[in-house]
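1. with the sequence up front, the predicted model follows.
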Amino acid sequence: MNKRQPNPFASGDKTKLNKTHKPQSRNDKVRPAVTKKPIQKHAGKTELVGDGERVQKVLARGGVASRREIERWITEGRFKINGVLVTQGAHLKTGDYLQLNERVVHWEKFAIQPTRVLIYHKPTGEIVTRHDPQGRPTIFASLPKLDTSRWIAVGRLDVNTSGLLLITNNGELANKLMHPSTEVEREYAVRILGDVPAEKIELLKKGVPLEDGEAKFDQIYFMGGEGANKWYHVIVSEGRNRLVRRLWESQNVVVSRLMRVRYGPVVLSDGLRTGKCQELNAKELDLLFEFAGLPAETSHVVKEEKKDVKTKRPTSR
């Protein structure tokens, strides 16, 4: 496909954020009040709660790992605050000495870490991992360097899938956007070999059994095509591994090309070339935090607008 088909869900080709795709229940959510608790000691561990922020929230914001992964590390007893093992609910306060696997973590710099979000146009052939034993190129080698945190990919795309990939240094935001309860829509452009009967389309929208449970497309739109190749846009609301390909394969349909064009309210613009990325500005970050259900006052957004962030690797088609 020389030129990506128009996206029927964006307000325009240049749109990166589309507020119409917020979950309907977003305004119904109420954040519970936080009740301070005293320090509780038990089984050789201290639960440090009260003033400050939770360990997983601070470290996730700094890109150390996702919030769920940090919670698992706490359960495994890998953290100490001021020399004492901590449990879930531990808070970090000014002056606390934090260790992970007996190594010091300078967490204070994460307390003021500004959130950054990149839209990366992933090419086929790259994988979404930091290190690949096979030596294949990874997306992180193409991203700008960070001084005090690390990039986190919001979801994954397999090696043969191209398109939009959200990248952030805020683990809490990444967790919100990936969590199954958020039901973020993912939209894909799919090139199919041959014609697909209408009954198969209806079956894919109704639901088909896969090895890990029933799945379906929320929407399927025919986008045209010439000869044997036909283009469709499909929408799913979950991030199961290779879900789009497996749904088509369940009907013996061959997918010859797959590209993600939207993740939630963020749309891949036609002007963003493969291997390049754009950074959301402050206004766009506020909209994304609103979509994720996070309060804007804790977003730590970068106020400067940064457009067309250059990557180290040259683009090749």
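-> Great, that's in hand.

2. residue contacts, the residue nearest the centre of the chain?
-> Nearest to the centroid of the C-alpha atoms of the chain, with distances taken as Cα atoms, centre = their mean, sits Val154, at 1.6 Å. Applying Cβ atoms under 8 Å, 6 or more residues apart in numbering to Val154 gives the contacts Leu165, Leu166, Ile167, Thr168, Ala174, Leu177, Met178, Tyr263. Using the backbone N, CA and C atoms, a C-beta is placed for each residue, glycine as well.

3. any idea how this structure splits into domains?
-> 43-112, 114-298 (automatic domain parsing).

4. quick check: mean pLDDT of the shortest one?
-> Same thing as domain 43-112. In this model, domain 43-112 has an average pLDDT of 81.

5. all further residue positions should be reported with the first residue as 226.
-> Shifting the count to begin at 226 puts that one at domain 268-337.

6. low-confidence ranges, the stretch 326-475 of the chain, go.
-> Applying pLDDT under 70 to the stretch 326-475 of the chain flags residues 336-338, 373.

7. show me where it has its strands.
-> With DSSP state E, counting those that start in this stretch, the ranges of strands along the stretch 326-475 of the chain come out as 328-330, 342-347, 377-379, 387-393, 411-418, 433-435, 438-440, 444-449, 454-461.

8. isn't Gly350 up against Gln359?
-> No: using Cβ atoms under 8 Å, Gly350 makes no contact with Gln359, being 11.8 Å away.

9. more neighbours, the two?
-> Gly350 (12 against 6; other Cβ atoms under 10 Å).

10. now stretch 409-423: buried residues?
-> Under the neighbour-count criterion of 16 or more other Cβ atoms under 10 Å, stretch 409-423 has Val409, Glu410, Arg411, Glu412, Tyr413, Ala414, Val415, Arg416, Ile417, Val421 buried.

11. rebuild those residues as TSV, extending it with distance to Val309.
-> Compiled in TSV, the buried residues of stretch 409-423 are given as follows (distance: Cβ to Cβ, whole Å):
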residue	distance to Val309
Val409	38
Glu410	44
Arg411	42
Glu412	48
Tyr413	48
Ala414	53
Val415	53
Arg416	57
Ile417	58
Val421	61
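
12. and which of those is nearest Gly464?
-> Arg411 (7.0 Å; Cβ to Cβ).

13. is the closest one bridged to anything, and to what?
-> Here Arg411 sits in beta bridges with Val461, Tyr488, as judged by DSSP bridges.

14. the one 4 residues further on too?
-> Using DSSP bridges, the bridge partners assigned to Val415 are Tyr457, Leu483.

15. same check on Val329?
-> Beta-bridge partners for Val329, by DSSP bridges, are Gln324.

16. which residues of the stretch 226-375 of the chain fall in helices?
-> In the stretch 226-375 of the chain, the helices defined using DSSP state H, counting those that start in this stretch lie at 280-286, 292-300.

17. quick one, which of these is packed in tightest?
-> Most buried of the helices of the stretch 226-375 of the chain by mean neighbour count (mean count of other Cβ atoms under 10 Å) is helix 280-286; its value is a mean of 25.

18. check what contacts that helix and list those residues.
-> By Cβ under 8 Å, 6+ apart, helix 280-286 touches 290-292, 295-296, 299, 304, 306, 311, 315-317, 323, 330, 332, 335-336, 338, 340, 395-397, 399-400, 525.
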